[in-house]
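J.: take a look and give me a structure for this.
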Amino acid sequence: MEIEFQGQYDKNTTFKAVKLANKPSRLNSIIRIGLAALIAFIFIAYYVAIANKESLSSFEIFRSGRHLITIPILLYFLLQPYISSYQTAANIWKNPIMQKPLSGVISSQGVAYLSSTGRRETDWAKFAKKHVTENLIVLLTADGVLSFFPRRFFKDDNDWRIVVQWANSKVVEAA
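T.: As a prediction, this is how the structure comes out:
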């Protein structure tokens, strides 16, 4: 059984798909936020200690200034997954191929894109990561090839449900 898909990507869907594909794991997010909070706490404690001193040496003033420089670095560390996702999505969207209509078929074997130059297939086993939402399926191969399918690419809800079921059962994510 093959289910046909056809449509054209829009900018919003492209950015959402890239964001989902690059979404850090829950553990990674907790570690990132926890580490940033710890560093922020240390900075605050340091500045409170400095503020309570009656006189500051020029060395302490310069050290405080150097520590202030690290705040943007800390912010970048916190926001880096989102910044890189945005940059990646912007680069993908600039590709003229993304502006063209897309068609293909999805089967129990995998995904096949159809074009005037032929048929390009990707087996389900090659996908290493998936995100399925109410209106979007995002698949990512181990070597970083992104495939995503908005619900509107399919003829009806039954086709959509079958493809969601295949994505959920056939894509085995590494732990």
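
J.: what's opposite the residue lying closest to residue 6 once chain neighbours are set aside in the beta bridge?
T.: Distances taken as CB to CB, 6 or more residues apart in numbering place residue 103 nearest to residue 6, at 4.3 Å, with adjacent residues excluded. (Each C-beta comes from the backbone N, C-alpha and C, glycine too.) With DSSP bridges applied, residue 103 shows beta-bridge pairing to residue 6, residue 114.

J.: surely residue 103 meets residue 5?
T.: Yes - counting by CB atoms under 8 Å, residue 103 does reach residue 5; the two are 6.7 Å apart.

J.: so the two - more neighbours on which side?
T.: A count of neighbours by other CB atoms under 10 Å puts residue 5 above the other of residue 103 and residue 5, at 23 against 14.

J.: next up, the contacts around that one.
T.: Residues near residue 5 by CB atoms under 8 Å, 6 or more residues apart in numbering: 102, 103, 104, 105, 106, 149, 153, 154, 163.

J.: tell me the confidence at the residue nearest the centre of the chain?
T.: Compute the mean C-alpha point of the chain, and by CA atoms, centre = their mean the closest residue is residue 22, 2.1 Å away. For residue 22, the pLDDT comes out at 86.

J.: ok, residue 142 next?
T.: 88.

J.: contacts only, for the closest residue in space to residue 23 that isn't next to it in sequence.
T.: In space, and not counting its chain neighbours, residue 23 is closest to residue 131: 7.1 Å by CB to CB, 6+ apart. Going by CB under 8 Å, 6+ apart, residue 131 touches 20, 21, 23, 137, 138.

J.: just residue 76 next, same as before
T.: Counting by CB under 8 Å, 6+ apart, residue 76 has contacts residue 83.

J.: for the helix or strand hosting residue 119, which strands pair with it and how are they oriented?
T.: Residue 119 is part of strand 118-123, with elements assigned from DSSP states H and E. Strand 118-123 has the following strand partners under DSSP bridges: strand 110-115 (antiparallel).
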